[in-house]
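# Turn this into a structure:
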Amino acid sequence: MAKTALKHGILVVLLGAALGNAAAQSNTAAQTAAGSAAQSGTAAQTPVQTSVQTGAQSAARSAVPQDKPTREISDDSALRISLADAWFNEIPSRVLNRSSELYRLPGGDHIEVRAERGNAGEFMVILARGRNGSYPGWIQGSWILTRNTTDGKHSRIRVFLRSDPYTYVQFRPLDAGRSQMDVVLYEGYAARSLTIPLPFARLLSAPLEEIFSTLGDRFPRRYFDPEPELYRDSRNFISRVRARLPELSFVDDGARDEEGRYVYINTLALQNIDNPNTGGLNCSGFAKWIVDGILRPITGRRLAIEPLKAPYGERGSSFTEAWERARDPYFGLDWTRNLAAEAARTLRSSDFDNLDEIEVRADRTANVIMRSGGQSSLRSYPGFLPDAGFGIEGLHALLYTLAIDEPGKMYLASINTETGAPVTEANPRGAPRLRQHFHVAALVPHFTENGVFQVALFESAEETSFTRFKNRYPGHYVNLTRISLEPSFDP
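Next comes the predicted model:
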């Protein structure tokens, strides 16, 4: 039987052990653990919804209603004060044996309080906000305290300011009178170790807005307050591209020239002499087809192919010049830069076709969480590298911040890595290792009408999974050029 009581102005429903344990077990598979590599020597736990894919979000997340602005999240500090003795400071074994409890805040939000084991030697006290009868642990406003299983010591607090298991703020102790805060966005640290002039013990009960007020503009609140209406053009663009995909097929080295004929990029020869209007596209030709779809309604024509192959801007060195004809190492870089420059000249003016305008070079990610074999570690992230772009391990975080900072944009990606024949007994000198730009894709980061972040990815005449794309190129780099989206699309 369930019992109800009014406690500290909060309605609490105490569940029986069987019901509480069942609720906890049912939520384990869909809640984000509180571990993180933010704590030195502490492994980061894998976010629960590892199947979350930008471009193909799970039905559960897609159905989540739009969140409130972060300043309007219902304050649960009074509830946390009431829970301190029994959940935050009680010996670990007793906390782990407690049944889950349901509370209702004065504003109407429901919270399930439960304890779950986390990484080895840790457990979590989870204040999971509810939505549609579910308490996964990452709904907006959910709050998680991680404690040591042996001595009960507090190690960190994680708070989900959006209903997204991959975006959160995290607090850690610093010294007797201060704490630190991290801002984590899709396994990239947009802010790391921001000093808070409050002891960690105070954070257990302090209202969130009181904590954030101590940081001033150092807290990048905008990354937790997306405005879905700003992405209407992005969503419409994605729909229009998807509608035209059935008419396409893949052909190696294929593209459409300025007259709409299917040709080979290298030679400009027709793919089908008898019927020039039939053929296919490769990854580069597909990127051109997308850009033609944006620009052609404005200019009335498609882009010529030969100018897109020309070197654009700074790249390479005197050493790589000798290999340009044999290995064409910068083809993808030149192609995407030229496409973006053409778009800038058409949509804005020739004053905006330079690399400072069209190429993404700024990034606020300082560290990334790396996962391998069930283990995780925190690694520094170098940001933009000339001729290469950004390490793919930080691409998800970068696209998230770009979506917030530059709504209504598409990004052409040139994927690259160092290649060259290795030294072997049969080939003692090997071959020069050059950075090779070998693949092109189009990325459209955006938010759905319900505020769910997604990345639509188009490559080689089809739409593919962004998650599989990242996993396909471990250790590779991605150079990005930006293109503004327009209401019309007709390639």
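# residue contacts, Leu281?
248-251, 254-256, 262, 288-289, 460-461 (C-beta atoms under 8 Å, 6 or more residues apart in numbering). For every residue, glycine as well, the C-beta is placed using N, CA and C.
# Any idea which helix or strand in this structure has the lowest mean pLDDT?
Here the helix or strand of the chain ranked lowest by mean pLDDT, DSSP states H and E is helix 17-28, holding a mean of 37.
# now the strands for the stretch 201-350 of the chain?
Secondary structure of the stretch 201-350 of the chain (DSSP state E, counting those that start in this stretch): strands at 254-256, 262-264.
# repeat for the stretch 1-150 of the chain
Secondary structure of the stretch 1-150 of the chain (DSSP E, counting those that start in this stretch): strands located at 3-7, 10-14, 101-104, 110-117, 122-129, 143-148.
# Worst mean pLDDT among those strands?
Here the strands of the stretch 1-150 of the chain differ in mean pLDDT, and the lowest is strand 3-7 at a mean of 44.
# that older thread, among the strands of the stretch 201-350 of the chain, show me which one is buried the most.
Comparing the strands of the stretch 201-350 of the chain by mean neighbour count (mean count of other C-beta atoms under 10 Å), strand 254-256 ranks first with a mean of 26.
# hang on, the earlier thing: can I get the strands of the stretch 1-150 of the chain in CSV including distance to Asp233 and mean neighbour count?
Formatted as CSV, the strands of the stretch 1-150 of the chain follow (distance: least, C-beta to C-beta, whole Å; neighbours: other C-beta atoms under 10 Å):
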stretch, distance to Asp233, mean neighbour count
strand 3-7, 49, 10
strand 10-14, 43, 16
strand 101-104, 40, 20
strand 110-117, 36, 22
strand 122-129, 32, 25
strand 143-148, 36, 23
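# So for Asp274, which of those strands sits nearest?
Nearest of the strands of the stretch 1-150 of the chain to Asp274, taken as C-beta to C-beta: strand 122-129 at 63.3 Å.
# contacting residues around the residue lying closest to Val183 once chain neighbours are set aside?
With C-beta to C-beta, 6 or more residues apart in numbering as the criterion, Val183 has its nearest non-adjacent residue at 3.9 Å, and that residue is Ala191. By C-beta under 8 Å, 6+ apart, the contact set of Ala191 is 181-183, 218-220, 364, 366.
# mind running it again at 10 Å?
Neighbouring residues of Ala191 by C-beta atoms under 10 Å, 6 or more residues apart in numbering: 169, 181-185, 215, 218-220, 223, 364-366.
# cool, and Arg345?
By C-beta under 10 Å, 6+ apart, the residues touching Arg345 are 295, 351-353, 358.
# Narrow the residues you listed to just the buried residues.
295, 353, 358 (16 or more other C-beta atoms under 10 Å).
# Could you find the closest non-adjacent residue to the last one?
I take that to be Ile358. Closest residue to Ile358 apart from its sequence neighbours, by C-beta to C-beta, 6+ apart: Ala340 at 4.1 Å.
# domain assignment for this structure?
Taking automatic domain parsing as the reference, the chain has its domains at 3-225, 229-484.
# now the last one: mean pLDDT?
When you say that, I think you mean domain 229-484. The model assigns domain 229-484 a mean pLDDT of 92.
# next one: that domain to chain centre, how far?
In terms of C-alpha atoms, centre = their mean, to the nearest Å, the centre of domain 229-484 is found 17 Å from the chain centre.
# what's the span of that domain, first residue to last?
16 Å (C-alpha to C-alpha, to the nearest Å).
# about what we covered before: same question for the residue nearest to Val183, what's its three-state structure.
strand (DSSP: H, G, I helix; E, B strand; the rest coil).
# ditto for the one 3 residues further on
When the structure is split into helix, strand and coil by three-state DSSP, Leu194 lands in strand.
# got the contact list for it?
The contact partners of Leu194, taken as C-beta under 10 Å, 6+ apart, are 169, 171, 179-183, 214-215, 218-220.
# For ChimeraX, what selects the buried ones among those residues?
Burial among the contacts of Leu194 is assessed by 16+ other C-beta under 10 Å; the matching ChimeraX selection reads:
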select :169,171,179,180,181,182,183,214,215,219,220
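# is Ser372 in a bridge, and if so with what?
Under the criterion DSSP bridges, Ser372 forms beta bridges with Gln375.
# Count the residues that sit near it.
8 (other C-beta atoms under 10 Å).
# how far away is it from Leu378?
From Ser372 over to Leu378 the distance is 13 Å, taken as C-beta to C-beta, to the nearest Å.
# Repeat that for Tyr400.
Tyr400 is 18 Å from Leu378, by C-beta to C-beta.
# quick one: which of the two has more around it?
More crowded of Tyr400 and Leu378, by other C-beta under 10 Å: Tyr400, with 25 against 22.
# list the contacts for the more buried one?
For Tyr400, the contacting residues are 54, 164, 166-167, 185-186, 188, 190, 223, 226, 365, 445, 447, 453, 455, by C-beta under 10 Å, 6+ apart.
# Where strands are concerned, which of the residues you listed count?
Using DSSP state E, the subset of the contacts of Tyr400 located in strands is 167, 185, 188, 190, 445, 447, 453, 455.
# closest to Val241 among those residues?
The closest of the ones in strands among the contacts of Tyr400 to Val241 turns out to be Val455 (C-beta to C-beta; 13.6 Å).
# Can you list phi and psi of the nearest residue to Ile290 once chain neighbours are set aside for me?
Excluding its sequence neighbours, the residue lying closest to Ile290 (C-beta to C-beta, 6+ apart) is Ala442, at 5.3 Å. Main-chain torsions, Ala442, degrees, to the nearest 10: phi -120, psi 130.
# Surely Ala442 is in contact with Gly285?
No - applying C-beta atoms under 10 Å as the test, Ala442 and Gly285 come out as separate, 12.0 Å apart.
# neighbour count winner among these two?
Per other C-beta under 10 Å, whichever of Ala442 and Gly285 has more neighbours is Gly285, with 29 against 23.
# Quickly note the distance from the closest residue to that one other than its chain neighbours to Ile238.
Take Gly285 and drop its neighbours on the chain: the residue closest to it by C-beta to C-beta, 6+ apart is Ala255, 3.0 Å away. Separation of Ala255 from Ile238 (C-beta to C-beta): 22 Å.
# show me where the stretch 101-250 of the chain has helices.
For the stretch 101-250 of the chain, the helices defined by DSSP state H, counting those that start in this stretch cover 200-203, 208-213, 232-244.
# Could you save these as a markdown table and add columns showing distance to Leu145 and mean neighbour count?
Formatted as a markdown table, the helices of the stretch 101-250 of the chain follow (distance: least, C-beta to C-beta, whole Å; neighbours: other C-beta under 10 Å):
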| stretch | distance to Leu145 | mean neighbour count |
| --- | --- | --- |
| helix 200-203 | 9 | 18 |
| helix 208-213 | 14 | 16 |
| helix 232-244 | 37 | 16 |
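# Would you reformat those helices as CSV and include distance to Thr346?
What follows is the helices of the stretch 101-250 of the chain, written out as CSV (distance: least, C-beta to C-beta, whole Å):
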stretch, distance to Thr346
helix 200-203, 51
helix 208-213, 42
helix 232-244, 16
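# For Arg302, find the nearest of these.
Nearest of the helices of the stretch 101-250 of the chain to Arg302, taken as C-beta to C-beta: helix 232-244 at 14.3 Å.
# which helices and strands sit right next to that closest one?
The contact analysis (3 or more C-beta pairs under 10 Å, 6 or more residues apart in numbering; DSSP states H and E) places helix 232-244 against helix 283-299, strand 409-419, strand 434-447, strand 453-459, strand 462-464.
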